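Colleague: Predicted model, plus sequence, below.
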Amino acid sequence: MTHLTPLIGEAALCAMYARARHLTFPDSLPSPVLRELRSAALLLDQLGTQLGAMEPQAADAFHRAMLESYTRLLAGLIGEALTVRLMNTAWTERSGGKST
């Protein structure tokens with residue numbers, strides 16, 4: 001998420017994260033509070049805590065479902081081609097410039 005923040009802005013990233021989470025897991029975990037929705041760092045902290053409390057397989061499934069939901073939302077807003085470019089840029093930045 002932190003690598004997408006400079007590309008789409010923190011407010012957009014936080015809003016889309018909250019929406020993806022609501023659509024993917026509406027009843028399973030507490031929703032982020034307003035304070036957390038203003039900061040990608042707070043959302044990441046909350047996500048890390050929640051994933052750490054889960055069994056590894058459940059955490060992996062949660063992570064994958066959230067990423068798929070987030071990507072679908074982003075593609076719905078800006079189109080699939082631009083979403084692929086943004087995600088590739090973010091992943092390349094994350095891996096230190098190496099394509100994965």
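Modeller: All right, it came through fine.
Colleague: Every contact and neighbour count from this point should use C-alpha atoms.
Modeller: Will do.
Colleague: Which residue comes closest to residue 74 once chain neighbours are left out?
Modeller: Closest residue to residue 74 apart from its sequence neighbours, by CA to CA, 6 or more residues apart in numbering: residue 83 at 6.4 Å.
Colleague: Go ahead and measure how far the longest helix that the chain contains is from the middle of the chain.
Modeller: Using DSSP state H to define each element, the chain has its longest helix at helix 56-78. In terms of CA atoms, centre = their mean, to the nearest Å, the centre of helix 56-78 is set 7 Å apart from its chain centre.
Colleague: buried stuff in stretch 6-14?
Modeller: 10, 12, 13, 14 (16 or more other CA atoms under 10 Å).
Colleague: Where helices are concerned, which of these count?
Modeller: Counting by DSSP H, the part of these found in helices is 10, 12, 13, 14.
Colleague: Relative to residue 54, how far out is the third one?
Modeller: I take that to be residue 13. 24 Å (CA to CA, to the nearest Å).
Colleague: picking that back up, quick check: mean pLDDT of the helix or strand hosting the residue nearest to residue 74?
Modeller: Using DSSP states H and E, residue 83 sits in helix 80-94. Average pLDDT, helix 80-94: 82.
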